[in-house]
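In: A structural model of the following input is requested.
(chains A and B)
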Amino acid sequence: MADVTMRIWRGDDKGGQLVDYRIEGNEGEVVLDVIHRLQATQAPDLACRWNCKAGKCGSCSAEINGMPRLMCMTRMDQLPAGPVTVTPMRTFPIIKDLVTDVSFNFEMAKRVPAFNPPPAPEGGYRMAQVDVERGQEFRKCIECFLCQNVCHVIRDHEDNKAHYAGPRFFIRYAELEMHPLDTNDRRELVRERMGLGLCNITKCCTEVCPEHIKITDNAIIPLKERAVDAHYDPVAWLGRKITGRKKRSADEAAALRP
Amino acid sequence: MAVDNASITEVVLGGTRGGPDVKTLREDKWWKLPLVTVLGLSAFVVYATWAAVWGDSNFFYLPHNIISPFYSPCLAHACKAAGDTGSPVFDWWRLSPALIILVFPLGFRMTCYYYRKAYYRSFWRAPVACAVQDARPGYTGETRAPLIIQNIHRYFFYAGLVFNVLLTIDAVQGFIWPTLHHQLVHGQYVTQSGGFGMSVGSLVLCVNATLLWIYSLSCHACRHLCGGQIRSFSKHPIRHKLWKFVTPLNARHMTFAWCSLFFVAFTDLYVRLVASGTITDFKIF
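Out: Numbers count the residues shown, from 1 in each chain, chains lettered A, B, ... in the order given. I've put the predicted structure just below:
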């Protein structure tokens, strides 16, 4: 391959700019390979977070030509001709160059009430294969936070961060809500305090997920429908009144945090 | 497990963000899909508005018993005027009967999870495409009026099922032709012996009803009600089977949404062209 131009964001919390680097490109390389060569040859102080280089650790999330992607899974020969622009994830505060502070996600993770099974019966818990398989898709998440980054609810509206879990944690809530052994009921919690209603299901989270998890169709919309069951559906409300079934309030659900 | 409130801290807002302050850095043709969506939905809205408000003639062709889906069931006075033999429920209604009917399919589509994505992106531009900045500074999503109404989608789904049944009955009736003796139909005198018959129009009505059924069954609310809402599939094997049946349909919900939308307009247009004498509804047997 001929030389390539890498247009990379250089800067920190005090400001920054896009800097062009002309560098050799080789066949079969991914963006992260070129970034590493840049570090080795022209920009030793270029900050970049990475780990496995195999699309499994979720560390090297960035925006390549404006689209949120993993640098290690984006082949150079699949990008259009011209400079390749690499910028940090837009939604999170910058630390340096391509490295951002993703602690917002860890704060949201702390708010997820943990798995809460009933006391184990004699012989231990048993789960049918069909129930095990249901949540398997959600456990593929590598926590790259590309879905959180692309979600316009917090990307373009910073104030929503205070009360919006984001697609990654909606997956977690959905997984727990669909777990046959879990006894908590988080429906009011996600509706009232985790900002489920802020999601307008435009599916960008699904589009950027490197694990191809159908976040919107299989997690967020099912959660929205469950919130309808718990809060908006008058027939479901009447059913609860007649049968005496109860739902947990947001406070009761949140009380089971780890 | 006790709550460890000490571990939960407030989210820090307002840190400096990296990257240039531009609307987007994308250089691909991200605007193409929203543009196509705007054109497609606008074309349907313009046509449906014309057909519903001003098109209250030529929506029924008596010899082959085919009726436009916009005007079925026969609810108002105009049906009789157009030659439909049905008995209007709202005989006092003097406006187009389509205005009563279309509220339900329109509500079903407006609150549909796919169409929500489509119009939030292409009309409301929130966001117009992934990693492209929202068009407006404020955003509350579906948390307050009027968009909180989207949560009643399942009730429009129920209503949509009723209309699917009615349109299926229409499709069947499209094969049962009336006996006519020198009867004036849209300016022409028609004589035919009634009975079972098939025309291109009968098939058009069948395809239309089928597509609407598939669109409804592929709906996310349908998937939830079939079995998505349960925690344990193994304890509800029948609902699990239903869920497994609708899940592959649900994966193609967008395709069915567009196909059924296009075809319902096409069916209306076809019936109009036949009823007005512009084209002939070819008899198959």
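In: who are the neighbours in contact with the residue of the stretch 51-200 of chain A found nearest chain B?
Out: Per CB to the nearest CB, A:Pro93 is where the stretch 51-200 of chain A lies closest to chain B, at 2.5 Å. Quick note: C-beta positions are derived from backbone N, CA and C, even for glycine. Taking CB atoms under 8 Å, 6 or more residues apart in numbering or on different chains as the definition of contact, the neighbours of A:Pro93 are A:Asp13, A:Thr100, A:Asp101, B:Val12, B:Gly15, B:Thr16, B:Arg17.
In: Who wins on neighbours among these?
Out: When neighbours are counted by other CB atoms under 10 Å in any protein chain shown, A:Thr100 leads the contacts of A:Pro93 with 25 neighbours.
In: Give me the pLDDT value at the closest residue to chain A within chain B.
Out: The shortest separation between chain B and chain A is 2.5 Å, found at B:Gly15 (distances taken as CB to the nearest CB). Note on B:Gly15: pLDDT of 89.
In: Relative to A:Gln17, how far out is it?
Out: As for B:Gly15, its distance to A:Gln17 is 18 Å (criterion: CB to CB, to the nearest Å).
In: Looks like the residue of chain B closest to chain A contacts A:Phe92 (just checking).
Out: Yes. Taking CB atoms under 8 Å as the contact criterion, B:Gly15 and A:Phe92 are neighbours in contact, 7.5 Å apart.
In: Can you get me a residue count around residue 134?
Out: Answering for chain A, as no chain was given. The number of residues packed near A:Arg134 is 22, by other CB under 10 Å.
In: you looked at the wrong chain, it should be chain B
Out: A total of 18 residues lie near B:Asp134 under the criterion other CB under 10 Å.
In: Strands along the chain, start to end?
Out: You didn't pick a chain, so chain A it is. If you assign secondary structure with DSSP state E, the strands in chain A sit at A:4-12, A:15-23, A:61-64, A:67-70, A:84-87, A:94-96, A:99-100.
In: my bad, the chain I had in mind was chain B
Out: Taking DSSP E as the criterion, chain B carries its strands at B:60-61, B:66-67, B:176-177, B:180-185, B:188-192, B:195-196.
In: Tally up the residues packed near A:Thr85, please.
Out: A:Thr85 - counted by other CB under 10 Å - has 24 other residues nearby.
In: With B:Ser42 instead?
Out: As a burial measure, the neighbour count of B:Ser42 was computed by other CB under 10 Å and equals 12.
In: residues in contact with the longest helix seen in chain B?
Out: Ranked by residue count and defined by DSSP state H, the top helix of chain B is helix B:253-275. When contacts are defined by CB under 8 Å, 6+ apart, helix B:253-275 is touched by residues B:40, B:44, B:47-48, B:51, B:55, B:58-61, B:64, B:66-70, B:105, B:109, B:112-115, B:186, B:201, B:204-205, B:207-208, B:211-212, B:214-215, B:218-220, B:249, B:278-281.
In: mind listing what's buried in it?
Out: Of the residues in helix B:253-275, B:253-254, B:256-261, B:263-265, B:267-268, B:270-275 count as buried by neighbour count, 16 or more other CB atoms under 10 Å in any protein chain shown.
In: for it, the distance to its chain's centre please.
Out: Offset of helix B:253-275 from its chain centre (CA atoms, centre = their mean, to the nearest Å): 10 Å.
In: I'd like the average pLDDT over that helix.
Out: Averaging pLDDT along helix B:253-275 gives 96.
In: between that helix and strand B:180-185, how big is the angle?
Out: Between the axes of helix B:253-275 and strand B:180-185, defined by axes from the mean of the first three to the mean of the last three CA atoms, to 10 degrees, the angle is 100 degrees.
In: Redo the contacts of A:Pro93 as JSON lines? Include distance to A:Gly25.
Out: Compiled in JSON lines, these are given as follows (distance: CB to CB, whole Å):
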{"residue": "A:Asp13", "distance to A:Gly25": "31"}
{"residue": "A:Thr100", "distance to A:Gly25": "26"}
{"residue": "A:Asp101", "distance to A:Gly25": "31"}
{"residue": "B:Val12", "distance to A:Gly25": "39"}
{"residue": "B:Gly15", "distance to A:Gly25": "34"}
{"residue": "B:Thr16", "distance to A:Gly25": "31"}
{"residue": "B:Arg17", "distance to A:Gly25": "29"}
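In: Now do the helices in chain B.
Out: Across chain B, reading from the start of the chain, the helices by DSSP H fall at B:32-49, B:77-81, B:98-101, B:103-110, B:113-122, B:153-173, B:200-217, B:220-223, B:237-251, B:253-275.
In: Among the ones you listed, show me which one is buried the most.
Out: Sort the helices of chain B by mean neighbour count, taking mean count of other CB atoms under 10 Å in any protein chain shown, and helix B:220-223 sits at the top with a mean of 24.
In: Report all helices and strands that it contacts.
Out: The helices and strands touching helix B:220-223, judged by 3 or more CB pairs under 8 Å, 6 or more residues apart in numbering or on different chains; DSSP states H and E, are helix A:221-227, helix B:153-173, helix B:237-251.
In: quick one: the lowest-mean-pLDDT helix or strand in chain A near chain B?
Out: Least confident helix or strand of chain A, by mean pLDDT, DSSP states H and E, is helix A:250-254 with a mean of 87. Yes. Helix A:250-254 comes into contact with chain B (CB under 8 Å from any CB of the partner chain), by way of A:Ala254.
In: Now do that helix: everything it contacts.
Out: Contacting residues not belonging to helix A:250-254 are listed as A:Arg111, A:Pro113, A:Asn184, A:Asp185, A:Arg186, A:Arg187, A:Glu188, A:Leu189, A:Arg191, A:Glu192, A:Arg193, B:Val3 [CB under 8 Å, 6+ apart].
In: repeat for stretch B:125-134
Out: A:63, A:66-68, A:90, A:150, A:152, A:155-157, A:200, A:202, A:204, A:207-208, B:23-26, B:30-31, B:33-34, B:120-122, B:135-136, B:139.
In: Which of these are buried? Put it as a ChimeraX command.
Out: Listed next is the ChimeraX selection for buried residues among the contacts of stretch B:125-134, using 16+ other CB under 10 Å:
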select /A:63,66,67,68,90,150,152,155,156,157,200,202,204,207,208 /B:24,25,26,30,34,120,121,122,139
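In: tell me the mean pLDDT for stretch B:28-47?
Out: Predicted confidence along stretch B:28-47 averages 97 (mean pLDDT).
In: picking up where we left off before, nearest to A:Ile8, out of the helices of chain B?
Out: Comparing the helices of chain B by their distance to A:Ile8 (CB to CB), the top pick is helix B:32-49, with 28.0 Å.
In: count of residues packed around A:Tyr125?
Out: That count, for A:Tyr125 with other CB under 10 Å as the rule, works out to 10.
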